[in-house]
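S.K.: Please find the sequence and the predicted model below.
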Amino acid sequence: PSAPAFASACSYEASSVVPAMRSSETDPVPHQTEIVPADVFLVHAKTCAVMDSYRVVDQNFDFGTLVGRSRMGLEGFVDRPVVMGSAHGSSSGHSSNDEDDEELGSNSDHLRVSDVSGSGVLVEAAHRPIVSSVLGTADDMVVEGFFHELGGAGENREKNNSDHGPSDKKKTEDDTGIGRDKAADDRVEASVFYTNRRRQFVVTWRGTSADQAKPVRNRHVKAWKDKWENRTKGKGAFNLMSPDGEDCTVFPHYLDAYLDSGLEDRVFRLLDDLSGRQHFCDVVM
C-alpha cells in the first residue's frame, strides 16, 4: 500500500482519501499489534508451510487422519525404522492397554487411526514427511481439527445484488450427471493446531491451489478499486464486516473465499469446545 494508506492503517484512523485495509471489523488491542518474538512467529509460519506443501507428498492425503493423534504416537511413527514386507500387515498385534501401540499398529511403517465408523485407516510410510513436518512446527504441536470446503460442482451459488449478502444455493450436476464434491485443488482448507507449552490454538487456512500460487491478481485489485469508488452509492453491504458502519475494507477476494467456504461456523464451534477443555489459551489465526 501507499505510505498514506499504511500510516492510516497503523494509526487506526479512517481516511477519506485512501482506504485503510484491516483484517477484522474492530480495532486491534495493543497485544494484537506488537511484534511477537521470532521463535513464536516461526511456529506460525511453519504451520502455514505444512498446509501449503503437504499435498506435494500425496495429492490425495486426508490431513484429517492426523486429528487427535498423540505426540508420542506421531513421533513413534516417524522415528521407527521401516519393516520391509509389512505394508499390508494386520492389526491383530495391537495392545489394547497402550494407546500409542494402537496408533502405531503392529507394523512400524503404518500409523493406525480409527475413523467414525470404527474401521482402521492407515497412514502409509510414504506420508512420513507430512507427519514429520507437523512435528517440526513446535516440540509439542498436535493437530486438533481439520476442515475443508464442501459443495464444489454439486452446488451453484447465485449471489443477489449485494456484494456479500445472502446467496441462493441450488444443486447442480457435473457433466457426468452426478453432483460431486470439490477437488482438493479447488477448495479452501483450515487446520487447528495446538501447542500446550505456548498455550495456543493456531488456526491455519489454505486457499485453493490457484490462490496459493498467486494470491492477488489484477482482476482482484480492479474489483477492490471499483467497490471502494462505489462505496458511497448505496452499496451498504460493502461494510458488512463492520458492525459500527465505519469503513472496514477486507480485500474482496479474501473475504469472498472466507465467507463462501462455509468453514467459519465449523472452525469456531471446535475452538469453542477446545477452549472449554483447555483454559487460558490464545487463538491465533
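M.R.: Good, I have the coordinates.
S.K.: Quickly find the element holding residue 133.
M.R.: helix 128-135 (DSSP states H and E).
S.K.: Give the buried residues for that helix.
M.R.: 128, 130, 131, 132, 133, 134, 135 (16 or more other C-beta atoms under 10 Å). All C-beta spots, glycine's among them, are computed from the backbone N, C-alpha and C.
S.K.: Over to stretch 221-232?
M.R.: Within stretch 221-232, judged by 16+ other C-beta under 10 Å, the buried ones are 223, 224, 227.
S.K.: and residue 191, what are its bridge partners?
M.R.: residue 146, residue 204 (DSSP bridges).
S.K.: What distance do you get for residue 27 to residue 221?
M.R.: Here the distance between residue 27 and residue 221 works out to 25 Å (C-beta to C-beta, to the nearest Å).
S.K.: Repeat that for residue 279.
M.R.: With distances taken as C-beta to C-beta, residue 279 is found 43 Å from residue 221.
S.K.: for the longest helix along the chain, packing partners?
M.R.: Longest helix of the chain, by residue count under DSSP state H: helix 38-57. Counting by 3 or more C-beta pairs under 8 Å, 6 or more residues apart in numbering; DSSP states H and E, the packing neighbours recorded for helix 38-57 are helix 128-135, strand 189-195, strand 200-206.
S.K.: model confidence over the second one, on average?
M.R.: It refers to strand 189-195. In this model, strand 189-195 has a mean pLDDT of 96.
S.K.: which other helices and strands contact that strand?
M.R.: In terms of contacts (3+ C-beta pairs under 8 Å, 6+ apart), strand 189-195 is packed against helix 38-57, strand 142-148, strand 200-206, helix 264-277.
S.K.: Enumerate the positions of that strand that are buried.
M.R.: Using 16+ other C-beta under 10 Å as the test for burial, strand 189-195 gives 189, 190, 191, 192, 193, 194, 195.
S.K.: ditto for stretch 266-278
M.R.: Under 16+ other C-beta under 10 Å, the buried positions of stretch 266-278 are 267, 270, 271, 274.
S.K.: and the angle from the helix holding residue 133 to strand 142-148?
M.R.: Interaxial angle, helix 128-135 versus strand 142-148 (axes from the mean of the first three to the mean of the last three C-alpha atoms, to 10 degrees): 110 degrees.
S.K.: quick one: contacts of helix 128-135?
M.R.: 46, 49-50, 53-54, 57-58, 61, 63, 66, 71, 74-75, 77-78, 111, 123, 141-143, 193 (C-beta atoms under 8 Å, 6 or more residues apart in numbering).
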